[in-house]
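Student: From the sequence below, what's the structure:
(2 chains)
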Amino acid sequence: MELLKKLCDASGPPGYEEEVRQVIIEHFKGLGFEPITDHTGNLFFVKEGKPGKPRIMLDAHLDEVGFEVIGHSGDGDLRVKSIGGIDDRVLGAKHVLVGSKKLKGVLGMKAPHNQDHNEYYAVVPLKALAVDIGAKDKAEAEKNAPLGTHVVFDTVTEEWGDVIKGKSFDDRAGCWVICKAMEMTTDCTLIASFTFGEELGMLGAKFSARRFAPDIMISLEGTSAGDMPEVPEHQQCSKMHGGPVITFEDKSIIIPRAYREMLEDTAKKSKIEYQYKGTVTGGTNAGRMQFETGGIPCVVIAAPCRYIHSPVSLVAKKDLTGMIELTKAFITRIDKEGLPQ
Amino acid sequence: MEIKQTLKSLVSIHSITCKEEDVAEKFMQMMKEIGFETWKDQIGNGYTKLKTPKTGAKTIMLTAHGDESGLVVTGFTDEGFVRIADWSGIDFKILPGSEVVLHGKKCNYPGVIGILPPHLQKPGDKKAIPESKLYIDMGTDLKETKNRVDIGDHVTFRRRFTELLGDRIATNALDDKLGVTVLVELGKKLMKRKLDVNVILVCTTREEIGADGAKRAALEIGPDLAIAVDTCPGEQFGLSGSPDFEPFAKDPVLEIGPMVAEKTNKALEDAAKRVNLSFKRTTWWGGTEADQMWMAGLGTNVGVITIPIRYLHQPVEMVDLATAENTVSILDEFVAWLDSDMKEIL
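Tutor: A predicted model of the protein is given here:
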């Protein structure tokens, strides 16, 4: 779990994934892999298999939702905009980390004592808030957090019994699963693809797909678990503790049926508890990849995470280990049987 | 900075309104080490006293409240989530995405207050989520959740002590552990003085729900002058220049109005001048425990000193410690200046 903690605690909103890349590079160097990078911020590792065997890409995105400094107020506050979808309702009274030096800051609201009735019941949008790093004036704010400095929620990853709390399982959970899966033995070629900018529109996946043109891509994601009060069963998307999530369709992709069925059958045969993504919501790099390459088959295996895109998400350890097992079992099956025709 | 350490150890203690024993104990222990006599009363006030050798000397009492705002457990959902309600002054809008501590049957448990992710929200579903729809997630099922907590158990925010640029700190419950910190630091200074008055410093209870603690202290002690040391809203982003917000990181604030005698405020301002500091004056905005002390018994002479902090009643309350240190210096000068009969102000 040490690696997962390091990955989740790293700051990396879209376009600012350097710290996450370094954690992954360090891990793979320990395993004897050489990093391959491109000018956009994608990161790859290749484990060559035997000739004639399928080339399998494992993809996860490096980035998380976060913010970017877009200005400074006269009092020394940082004006920020969100990069990636963050609900205004999770912003108030939160701790944040600013820039690669991880300066501490807060997003504070007006005291309840000073709100009138209408204000009290209205959501405060991000544009009415600012990040306060304690700067005494504009100059100090500009010096410490210049325009374009990135900001993330300040949440420490912790194990709470059989669940883990952290800020960025979407998609450090996927990054972690790839780190673990790449240790397996197979005759297939494995391409670990850590892509930038998914939260801004699956930017990195374009280049990763074109560069390697694999035979199949497995997208490893953190997805929404909606098993919460007052959410009807059919709108829950997935459930925490329900095992890895298999997608048949989301807003970016329809998974080729033969591949999805092979994945599902693998889970059954390996006795791995799994679940379907029960809603057609969200999108993943798989969609971008399938489109960019003119239809390379893609599947999605995801960890059901509660409260993604907020400062505090939860994921069950069991679902993460299930994800690793299913990924490995699927690769082993492809190795043995080849891809569906 | 000694004041920072004192503040840090006080804010690390969870002390929701009506459950302030731990902070009162900590305060009394700190004051005992300094050399004050200490005792507590049945409702949870922690008293500390420094006696003057002068016979028949008057008594000044300074109070700061030990309680903090928080939530209470009101029930459970079938899935094992914990339903909550406000206990003592939390704005429900700051709850989604927060980390909290549930004060359970055997020990404390961490939890988060979640929100459905944007991917699963219905279009247009962007209204503030009322308290009744919010819940705490410990990652447990109903059985385990009920093993841990009961209806009526308290919930406070996860502790954070965040050092920002300069002397600025963002942390929990500065309202009013900052006041308690000022009392402790004042106690240290007064030990080095020759005083003509008795000094009683009190860490009070229940300010957030009406200041019963301070009222009780005023009745119990019957001080000749009682000063409440508390916090007030300081200027923050987008609210500078508003009359409801006091300049941040500048002077402590003196309250004027029907409660406080002008003689008292004048004497406090003179004390500030003698140590090259100053007060900002403000008109009554209400809500400190001086209100209750003023009205207690046959009436008490009161004063109110507040320190402007940002983001009041949120787990990111922010202070510039220089303002707190200046408050200590002024109060030290003021108390040392008082005659045994307090004739200048009474």
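
Student: Name the nearest residue to residue 138, ignoring sequence neighbours.
Tutor: Because you didn't say which chain, this covers chain A. Once flanking residues are discounted, residue A:138 sits nearest to residue A:72: 5.0 Å by C-beta to C-beta, 6 or more residues apart in numbering or on different chains. Every residue, glycine included, has its C-beta placed from N, CA and C.

Student: The intended chain is chain B.
Tutor: Counting by C-beta to C-beta, 6+ apart, the nearest residue to residue B:138 once its immediate chain neighbours are dropped is residue B:111, at 4.5 Å.

Student: Can you give me every residue that contacts the one you found?
Tutor: Neighbour list for residue B:111: B:82, B:99, B:100, B:101, B:102, B:136, B:137, B:138, B:155 [criterion: C-beta atoms under 8 Å, 6 or more residues apart in numbering or on different chains].

Student: For stretch B:166-185, measure first residue to last.
Tutor: End-to-end span of stretch B:166-185 (C-alpha to C-alpha, to the nearest Å): 20 Å.

Student: Look up how far chain B lies from residue A:260.
Tutor: Counting by C-beta to the nearest C-beta, to the nearest Å, the gap from residue A:260 to chain B is 20 Å.

Student: quick one on the thing from earlier: make CSV out of the contacts of residue B:111 and add pLDDT and neighbour count.
Tutor: Output for the contacts of residue B:111, formatted as CSV (pLDDT from 0 to 100; neighbours: other C-beta atoms under 10 Å in any protein chain shown):
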residue, pLDDT, neighbour count
B:82, 98, 28
B:99, 98, 22
B:100, 98, 24
B:101, 98, 19
B:102, 98, 23
B:136, 98, 26
B:137, 98, 25
B:138, 97, 24
B:155, 98, 28
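
Student: Okay, helices next: where are they in the stretch 101-250 of chain B?
Tutor: Applying DSSP state H, counting those that start in this stretch to the stretch 101-250 of chain B gives helices spanning B:142-148, B:174-190, B:212-221.

Student: now swap in chain A and tell me
Tutor: According to DSSP state H, chain A carries its helices in the segments A:2-9, A:18-30, A:117-120, A:138-144, A:169-181, A:203-212, A:257-269, A:285-292, A:317-337.

Student: in the longest one, what's buried?
Tutor: When you say that, I think you mean helix A:317-337. Judged by neighbour count using 16 or more other C-beta atoms under 10 Å in any protein chain shown, the buried positions of helix A:317-337 are A:317-320, A:322-335.

Student: Tell me the spacing between the residue nearest to residue A:138 and residue A:282.
Tutor: Per C-beta to C-beta, to the nearest Å, residue A:72 is found 34 Å from residue A:282.

Student: picking that back up, can you tell me which of the helices of chain A comes nearest to residue B:48?
Tutor: Proximity to residue B:48 (C-beta to C-beta) singles out helix A:117-120 among the helices of chain A, at 38.1 Å.

Student: list the buried ones in that closest one?
Tutor: Buried residues in helix A:117-120, counted by 16+ other C-beta under 10 Å: none are found.

Student: got the CA positions of that helix in PDB?
Tutor: Output of helix A:117-120 as PDB, limited to C-alpha atoms (Å, rounded to 0.1, in the frame of the first residue of the first chain):
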ATOM      1  CA  HIS A 117     -31.000  34.100   4.800                       C
ATOM      2  CA  ASN A 118     -30.600  33.900   1.000                       C
ATOM      3  CA  GLU A 119     -26.800  33.600   1.200                       C
ATOM      4  CA  TYR A 120     -27.000  30.900   3.800                       C
END
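
Student: what's the offset of that helix from the middle of its chain?
Tutor: 36 Å (C-alpha atoms, centre = their mean, to the nearest Å).

Student: ok, back up a step: the residue nearest to residue B:138 bridge partners, please.
Tutor: residue B:100 (DSSP bridges).

Student: Give me the mean pLDDT for stretch A:98-107.
Tutor: Mean per-residue pLDDT for stretch A:98-107: 97.

Student: For chain B, tell me whether that stretch is touching it.
Tutor: Yes: looking at stretch A:98-107 against chain B by C-beta under 8 Å from any C-beta of the partner chain, the contacts come from A:103, A:104, A:105, A:106, A:107.

Student: Dead centre of the chain: give me the residue that sits there.
Tutor: All of this refers to chain A. Closest to where the C-alpha atoms of chain A average out (C-alpha atoms, centre = their mean) is residue A:171, at 1.5 Å.

Student: wait, I meant chain B there
Tutor: Most central in chain B (C-alpha atoms, centre = their mean) works out to residue B:176, at 1.1 Å.

Student: Next, the closest residue in space to it that isn't next to it in sequence: phi, psi?
Tutor: Once flanking residues are discounted, residue B:176 sits nearest to residue B:65: 4.6 Å by C-beta to C-beta, 6+ apart. For residue B:65, the backbone dihedrals are phi -90, psi 140 (criterion: degrees, to the nearest 10).

Student: ok, now the one 5 residues further on?
Tutor: Here is the backbone geometry of residue B:70 (degrees, to the nearest 10): phi -170, psi -170.

Student: How about it: what's its closest non-neighbour residue?
Tutor: Closest to residue B:70 by C-beta to C-beta, 6+ apart is residue B:16, at 3.7 Å.

Student: Next one: that neighbour from chain A, what distance?
Tutor: Distance, residue B:16 to chain A, by C-beta to the nearest C-beta: 16 Å.

Student: okay, now that residue: neighbour count?
Tutor: Residue B:16 is flanked by 21 other residues according to other C-beta atoms under 10 Å in any protein chain shown.

Student: which ones are touching it?
Tutor: Neighbouring residues of residue B:16 by C-beta under 8 Å, 6+ apart: B:67, B:68, B:69, B:70, B:87, B:88, B:103, B:154, B:155, B:156.

Student: Tell me the one among these nearest to residue A:267.
Tutor: The closest of the contacts of residue B:16 to residue A:267 turns out to be residue B:155 (C-beta to C-beta; 39.0 Å).

Student: Leaving out chain neighbours, which residue sits closest to the closest one?
Tutor: Leaving out its chain neighbours, the residue that sits closest to residue B:155 by C-beta to C-beta, 6+ apart is residue B:71, at 4.0 Å.

Student: I figured the one you found hits residue B:100, correct?
Tutor: Yes: the pair residue B:71 and residue B:100 passes the contact test of C-beta atoms under 8 Å, sitting 7.2 Å apart.

Student: any shared contact partners between the two?
Tutor: Listed as contacting both residue B:71 and residue B:100 by C-beta under 8 Å, 6+ apart are B:155, B:156.

Student: what sits opposite the residue nearest to residue B:70 in the beta ladder?
Tutor: For residue B:16, the beta-bridge partners are residue B:68 (DSSP bridges).

Student: for residue B:226, same thing?
Tutor: Beta-bridge partners of residue B:226, as defined by DSSP bridges: residue B:61, residue B:302.

Student: Show the pLDDT at it.
Tutor: pLDDT recorded at residue B:226 is 98.

Student: Quick one: neighbours of it, just the number.
Tutor: Residue B:226 sits with 28 neighbouring residues when counted by other C-beta under 10 Å.

Student: Good, we can wrap up now.
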